[in-house]
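Q: no sequence on this one, just coordinates:
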């Protein structure tokens, strides 16, 4: 009877392992172009994939299962924090395999007894790897000194974005020429989406490039993505207006020719369509210079 029950448990564990592993492989395939360029996303993807390996062995004792639960909860919390803080959608997709593992241990893993020495060593090594990844995730998200060239926080781009930027900048050599080529391409190829009023705003580079529409948040992050993919320092700036009749806004400051320049690609997209006067590039002292019209609330 015991052997029959153990065999049934192993089959159930194998089914859950297969489901979680398959999901992670599909997710990895979907994210492949981003994972190549983003160390941050690589870490969070590994935090999603590694816990699946807990299903590869039979964990019998309550103490070891409790340790697994704690790690799963920490990973879930880190993913949710990353999604909210960096306005990313991908971390929510990475919660699904964690939920699958939770379901197995809570609903099906009821064998009692001692864990084998090899199982203990396996779980210990896997747990240490996950702890290192959790620490790395914290460093990537909250302790980066300079995000003006990074890929993986609110501004996230893929290999297709790099190819596009390479094409736009193919005839130019200096950073100034490349920045102005990207700026010119954007103001002539995009239009403001007046129908867009999202409850939660996040940047989706593929959607913005395919629709050629967006709002200030989309355009400023796309401009930053194109510049950063060319190793040109560029920040995205969120601002709340001092005049409460105005809306919140997002714009850029970019570095070239030995100086930082304030620019508003969204404003100039609208002005180009309406044949109005452009904001252009305005020299500022540094990337963190205060703005006359907006209280700067965040710099990406």
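A: On my side now, so go ahead. Bear in mind the structure is a predicted one, so any value in this text is a computation, not a measurement. Numbering: from 1, shown residues only.
Q: can you pull out the helices in the stretch 1-150 of the chain?
A: 2-35, 39-49, 62-85, 90-93, 95-107, 117-142 (DSSP state H, counting those that start in this stretch).
Q: can I get those in CSV including mean pLDDT?
A: Output for the helices of the stretch 1-150 of the chain, formatted as CSV (pLDDT from 0 to 100):
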stretch, mean pLDDT
helix 2-35, 86
helix 39-49, 93
helix 62-85, 92
helix 90-93, 89
helix 95-107, 92
helix 117-142, 92
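Q: do you know which of these lies nearest residue 292?
A: Closest to residue 292 of the helices of the stretch 1-150 of the chain is helix 62-85 (C-beta to C-beta; 27.9 Å). (Each C-beta comes from the backbone N, C-alpha and C, glycine too.)
Q: how far does that closest one sit from the chain's center?
A: 18 Å (C-alpha atoms, centre = their mean, to the nearest Å).
Q: equivalent analysis for stretch 217-225, please.
A: With C-alpha atoms, centre = their mean as the basis, stretch 217-225 stands 14 Å off its chain's centre.
Q: rewinding a little: which one of the helices of the stretch 1-150 of the chain is the most hemmed in?
A: helix 39-49 (a mean of 21; mean count of other C-beta atoms under 10 Å).
Q: give me the residues contacting stretch 98-107.
A: 12-13, 16, 19-20, 23, 48, 51-52, 54-55, 59, 65, 68-69, 72, 75-76, 79 (C-beta atoms under 8 Å, 6 or more residues apart in numbering).
Q: domain map for the protein?
A: 2-142, 159-299 (automatic domain parsing).
Q: any chance of those in TSV, with distance to residue 148 too?
A: Converted to TSV, these look like this (distance: least, C-beta to C-beta, whole Å):
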stretch	distance to residue 148
domain 2-142	15
domain 159-299	4
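Q: so which of those domains is nearest residue 151?
A: Using C-beta to C-beta, the nearest of these to residue 151 is domain 2-142, at 4.6 Å.
Q: next one: that closest one to chain centre, how far?
A: 19 Å.
Q: for the stretch 201-300 of the chain, what spans make up the helices?
A: Using DSSP H, counting those that start in this stretch, helices in the stretch 201-300 of the chain cover 205-211, 216-228, 265-274.
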